[in-house]
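*Asks:* Could you work out the structure for the sequence below:
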Amino acid sequence: MKKIQMVDLKSQYEKIKATVDASIQEVLDTTTYINGPKVHEFQKNLEEYLDVKHVIPCANGTDALQIAMMGLGLQPGDEVITADFTFAATVEVIALLQLTPVLVDVDLISMNISIDAIKKAITPKTKAIVPVHLFGRAANMEAIMQIAKEHNLYVIEDNAQAIGANCKFSDGTKKKAGTIGHVSSTSFFPSKNLGCYGDGGAIFTNDDNLAHIIRGIVNHGMYVRYHHDVVGVNSRLDSVQAAVLNAKLPLLDEYNAARQNAARKYSTAFEGHKNIIAPSICDICDCHVFHQYTLRIINADRDALMQHLLDKGIPCAIYYPIPLHSQKAYADSRYKEEDFPITNQLVKEVISLPMHTELDDEQIKFITDSVLEFLK
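*Replies:* Got it, this is the predicted structure:
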């Protein structure tokens, strides 16, 4: 059996080596390393894939989220509601901009931000909601957009983990995650469903004016060289990374389908087990693209299971072991433990298994058998 990787980027690259290498070689031949043709080509191709008016590439996903907030003109002290159970980058940029983070609990089933918790957290100072499409599963954007409309709030989608996922609305229509809010950010970190070979990110919006502002912000506040019209940053996707992404973008749906197929096999193996709550996935699932495959382990020793898997050469991880409200950098007297019952439960239960496009049946069987062996 091939060695199991948490993310097998080498095997993925070997399958597309010729295409990726040729794309990178074009950049090397033209020496257009910053804002070159490959960046603009990727931008247009991603706009077409997502059916969104504007894609603004940038240096990484954290920059993308920060720049999205800068573009909206949020002011110090404005309150921004987001999920307690997620990676720190989401709250990090809120704090960096001297906005006021308002962390709220999540839903037990989807692990995405709780709609009821959002409603309870709104105050006269609230200006924005940042839903995170966690682990690749689309948040309830229909409900979130309705709340935003009722309270005149911005919605900034953190789509770092769910590119390609669909959000379905009650009228039967579907839209890609990241194209529904006022603005969205994504990451092209190598392990993402659409990943480059370094750092990269992008901002999405259908708002022409906001797109114009953001294009200035990513490039030192310039629209005309040496004319600095807004306060900006230096955050550009380099042409080599754009070349990689442009080679991989046509395969994104195939990659997501491979992840969904692996997830379906995992969940089938764990079905009905008294100690395992596995992600549900239907035959036509397109709302979850499984950036991570995350189990909940109940009435059993999750940490001992993790060590058991590691001892058998199976990589695994806990995303995320400490809630944001308990992190030293973001602790605040406003937060009470009773406000986060689901997050506090999840951090004790979750464990993520290997998930990538190259998982084969032999590996999946070994992984599932090893989990079931421990939890017999």
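*Asks:* where does the chain dip in pLDDT?
*Replies:* 283 (pLDDT under 70).
*Asks:* next structured bit after the top helix by length along it?
*Replies:* Looking across the chain with DSSP state H, the single longest helix is helix 9-30. Later in the chain than helix 9-30, the nearest helix or strand by DSSP states H and E is helix 37-50.
*Asks:* Run through the neighbouring helices and strands of the longest helix of the chain.
*Replies:* With contacts taken as 3 or more Cβ pairs under 8 Å, 6 or more residues apart in numbering; DSSP states H and E, helix 9-30 sits against helix 37-50, helix 239-248. Every C-beta, even on glycine, is put in place using the N, C-alpha and C of the backbone.
*Asks:* give me that answer again for 6 Å
*Replies:* For helix 9-30, the packing partners by 3 or more Cβ pairs under 6 Å, 6 or more residues apart in numbering; DSSP states H and E come out as helix 239-248.
*Asks:* Centre of the chain to the longest helix of the chain, how far?
*Replies:* Computed by Cα atoms, centre = their mean, to the nearest Å, the chain-centroid distance of helix 9-30 equals 24 Å.
*Asks:* okay, it in PDB with CA atoms only?
*Replies:* This file holds the C-alpha atoms of helix 9-30, laid out as PDB (Å, rounded to 0.1, in the frame of the first residue of the first chain):
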ATOM      1  CA  LEU A   9       0.200  16.800  -3.400                       C
ATOM      2  CA  LYS A  10       3.100  14.900  -4.900                       C
ATOM      3  CA  SER A  11       0.800  12.200  -6.500                       C
ATOM      4  CA  GLN A  12      -1.600  14.900  -7.700                       C
ATOM      5  CA  TYR A  13       1.300  16.800  -9.300                       C
ATOM      6  CA  GLU A  14       2.600  13.800 -11.000                       C
ATOM      7  CA  LYS A  15      -0.700  13.400 -12.900                       C
ATOM      8  CA  ILE A  16      -0.700  16.900 -14.200                       C
ATOM      9  CA  LYS A  17       3.000  17.500 -14.400                       C
ATOM     10  CA  ALA A  18       3.200  18.300 -18.100                       C
ATOM     11  CA  THR A  19       0.400  20.800 -18.000                       C
ATOM     12  CA  VAL A  20       1.700  22.600 -14.800                       C
ATOM     13  CA  ASP A  21       5.200  22.600 -16.000                       C
ATOM     14  CA  ALA A  22       4.300  24.100 -19.400                       C
ATOM     15  CA  SER A  23       2.100  26.800 -17.700                       C
ATOM     16  CA  ILE A  24       5.000  27.700 -15.400                       C
ATOM     17  CA  GLN A  25       7.500  27.700 -18.300                       C
ATOM     18  CA  GLU A  26       5.400  30.400 -20.100                       C
ATOM     19  CA  VAL A  27       5.900  32.700 -17.100                       C
ATOM     20  CA  LEU A  28       9.600  32.000 -17.100                       C
ATOM     21  CA  ASP A  29       9.900  32.600 -20.800                       C
ATOM     22  CA  THR A  30       8.100  35.900 -20.700                       C
END
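*Asks:* and residue 124, how many neighbours does it have?
*Replies:* For residue 124, the tally of surrounding residues (other Cβ atoms under 10 Å) stands at 7.
*Asks:* Tell me which residues of the longest helix of the chain come out buried.
*Replies:* 12, 20, 23, 24, 26, 27 (16 or more other Cβ atoms under 10 Å).
*Asks:* Kindly report the same for stretch 265-277.
*Replies:* Residues of stretch 265-277 classed as buried by neighbour count (16+ other Cβ under 10 Å): 265, 266, 267, 269, 270, 273, 275, 276, 277.
*Asks:* measure residue 358 to residue 268 for me?
*Replies:* The gap separating residue 358 from residue 268 is 20 Å, by Cβ to Cβ, to the nearest Å.
*Asks:* Output the buried residues of helix 9-30 as JSON lines; include the columns distance to residue 350.
*Replies:* Shown next, in JSON lines, are those (distance: Cβ to Cβ, whole Å):
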{"residue": "12", "distance to residue 350": "25"}
{"residue": "20", "distance to residue 350": "33"}
{"residue": "23", "distance to residue 350": "37"}
{"residue": "24", "distance to residue 350": "37"}
{"residue": "26", "distance to residue 350": "42"}
{"residue": "27", "distance to residue 350": "40"}
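*Asks:* from the buried residues of stretch 265-277, which is closest to residue 113?
*Replies:* Closest approach to residue 113 among these (Cβ to Cβ): residue 277, at 19.3 Å.
*Asks:* That closest one against residue 296, yeah?
*Replies:* Yes. With contact defined as Cβ atoms under 6 Å, residue 277 counts as touching residue 296 (4.0 Å).
*Asks:* For residue 272, give me its contacts.
*Replies:* If you count contacts by Cβ atoms under 6 Å, 6 or more residues apart in numbering, residue 272 has none.
*Asks:* If we use 10 Å, what do you get?
*Replies:* Counting by Cβ atoms under 10 Å, 6 or more residues apart in numbering, residue 272 touches residue 278.
*Asks:* Residue 300 now?
*Replies:* By Cβ under 10 Å, 6+ apart, the contact list for residue 300 reads 273, 274, 275, 276, 349, 374, 375.
*Asks:* repeat that for 8 Å
*Replies:* Going by Cβ atoms under 8 Å, 6 or more residues apart in numbering, residue 300 touches 275, 375.
*Asks:* One more: residue 111?
*Replies:* By Cβ under 8 Å, 6+ apart, residue 111 lies in contact with 85, 134, 135, 137, 294, 346, 350.
*Asks:* Please repeat the previous calculation with a cut-off of 6 Å.
*Replies:* residue 134.
*Asks:* which stretch of helix or strand covers it?
*Replies:* Per DSSP H and E: nothing holds residue 111, as it lies in no helix or strand.
*Asks:* ditto for the one 5 residues further on
*Replies:* Here residue 116, judged by DSSP H and E, is contained in helix 115-121.
*Asks:* quick one: contacts of that helix?
*Replies:* Contacts with helix 115-121, where a contact means Cβ under 6 Å, 6+ apart, come from 81, 102, 104, 105, 140, 143, 147.
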